[in-house]
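Asks: please work out how this folds:
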Amino acid sequence: MRTLILLTVIFIGGMASAQMLPEPKGGETIYVVRPGDSLWKISKRFFDNPLLWPRLWELNPFIDNPHLIFPGEVLNLKGSMLPIVKITPESRLMDVTTPEPPPPVYYYSLGGHEGFISPDEWENMGSVLTSEPPKILLGKGDTVFTNVGFKDGVTKGDKFTIYRTGKLVFHPLTGKKVGYKVAILGELEVDEVLDKKLSVSTINNSLREITRGAKIRPIKPFVKEVVMKKGTKRADGVIVESFKSTSLTGKGDVVYIDLGEDDDVIPGHVFSIYKYPRRSYDPDQGKMVSIPGAYVGKLVTLSVNLETATGIIIESSRQIEIGDIVSLELQI
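Replies: Model (predicted):
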């Protein structure tokens, strides 16, 4: 803590300036800079006015050059994150305490799109029966009929997740069943309940192609950003499947790991990714020796189930494969 003697008029003027920014969109308070960002673009995105960028710069004094910001930097969008100022009336001294920097946040714009692995076929409430007019492929804005109604307690305005249970996933190392891959297709909203087991709805969000027979269940909020954090207890696992169902993945790809709530894993946990250790023949010893797996990247968990978690690869130095090892980064 450091003590500064400042004029009251300067203090009041500085605080007024910091409060000139409007409330940022979406209730955001901090933002992690992404490739291609600029203060101009960020001001336009959160305040609908790119010309407010000098005020955004004022809130983030660590930025030396406002025309040069870097991916990964954490920006303050509200004045509440400015240094905390306490005034001692008697001496007119100010105690200025700089708060701890906010933790890094990972923002995933397609939150809810990533899917997950369920130990059993995800319990559904109903299905999409058909559309009006009849179509094979359905999308945003289409009118559909579903087999849920009064008997299920459904009312107008209820929202449902549309999904499909995909292939059965087996562990790449042990061969044991891990669970079913669940793909989130979109969401719909009930317009009218017609009968005990019939309602008409509108698809208000489409993430993938939707077909007749797709399953529905009551919607739950999708998380688009997680606070990145390290763990306190060691947890090692394996990448068991990928969102794209490909064996090779890289930065930006969604993958699924065999660790979950049972292993004290939570959304935002950061894992290092390593190649699986391999064996090599040592001619001098005349035997096979173990070669440690090389570090190849990093992932952060977006959602967690009981025994599995969904994560996104945020760093990769080479191709990452199903079967690669993940190790929770621990607090020092």
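Asks: scan the chain for its longest strand.
Replies: Taking DSSP state E as the criterion, the chain has its longest strand at strand 177-195.
Asks: what strands flank that strand, and is each parallel or antiparallel?
Replies: Using DSSP bridges, the strands paired with strand 177-195 are strand 116-118 (antiparallel), strand 159-170 (antiparallel), strand 198-206 (antiparallel).
Asks: determine which stretch of the ones you listed is the most buried.
Replies: Stretch with highest mean neighbour count among the strands paired with strand 177-195: strand 116-118 (a mean of 22; mean count of other CB atoms under 10 Å). C-betas here are computed from N, CA, C, even on glycine.
Asks: show me what the nearest residue to residue 204 once chain neighbours are set aside is bridged to.
Replies: Nearest non-adjacent residue to residue 204, counting by CB to CB, 6 or more residues apart in numbering: residue 189, 5.3 Å away. Per DSSP bridges, the residues bridged to residue 189 are residue 159, residue 202.
Asks: quick check, residue 43 in a strand?
Replies: No: judged by DSSP: H, G, I helix; E, B strand; the rest coil, residue 43 forms no part of a strand; its state is helix.
Asks: how about it, what does it touch?
Replies: 49, 50, 51, 52, 53, 55, 56 (CB atoms under 8 Å, 6 or more residues apart in numbering).
Asks: if you set the cut-off to 6 Å instead, what comes out?
Replies: Contact partners of residue 43, counting by CB atoms under 6 Å, 6 or more residues apart in numbering, are 50, 52, 53, 56.
Asks: just how off-centre is the longest strand of the chain within its chain?
Replies: Distance of strand 177-195 from its chain centroid, counting by CA atoms, centre = their mean, to the nearest Å, is 20 Å.
Asks: what's next to it, contact-wise?
Replies: So strand 177-195 is in contact with 112, 115-119, 121-122, 149-150, 154, 156, 158-171, 199-208, 210, 214, 219, 240, going by CB under 6 Å, 6+ apart.
Asks: quick one, helices of the chain?
Replies: 8-18, 39-47, 53-59 (DSSP state H).
Asks: OK, contacts around residue 115?
Replies: Contacts of residue 115 (CB under 6 Å, 6+ apart): 182, 183, 184.
Asks: reformat those residues as JSON lines; add distance to residue 193.
Replies: Shown next, in JSON lines, are the contacts of residue 115 (distance: CB to CB, whole Å):
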{"residue": "182", "distance to residue 193": "27"}
{"residue": "183", "distance to residue 193": "27"}
{"residue": "184", "distance to residue 193": "24"}
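Asks: looking at those, which is nearest residue 105?
Replies: residue 184 (22.1 Å; CB to CB).
Asks: now that closest one, which residues is it bridged with?
Replies: Beta-bridge partners, per DSSP bridges, of residue 184: residue 163.
Asks: same question, residue 236
Replies: Bridge pairing for residue 236 - DSSP bridges - gives residue 327.
Asks: from residue 21, how far off is the residue nearest to residue 308 when sequence neighbours are not counted?
Replies: Computed as CB to CB, 6+ apart, the closest residue to residue 308 that is not its neighbour in sequence is residue 117, at 4.4 Å. Per CB to CB, to the nearest Å, residue 117 is found 42 Å from residue 21.
Asks: got it, and residue 205?
Replies: 31 Å.
Asks: and for residue 262?
Replies: Residue 262 is 44 Å from residue 21, by CB to CB.
Asks: okay, domains of this structure per the record?
Replies: 2-102, 116-218, 228-328 (automatic domain parsing).
Asks: need the ones you listed in JSON lines (columns: mean pLDDT).
Replies: Output for the domains of the chain, formatted as JSON lines (pLDDT from 0 to 100):
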{"stretch": "domain 2-102", "mean pLDDT": "67"}
{"stretch": "domain 116-218", "mean pLDDT": "93"}
{"stretch": "domain 228-328", "mean pLDDT": "93"}
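Asks: which among those is found nearest to residue 108?
Replies: Among the domains of the chain, the nearest to residue 108 by CB to CB is domain 228-328 (6.0 Å).
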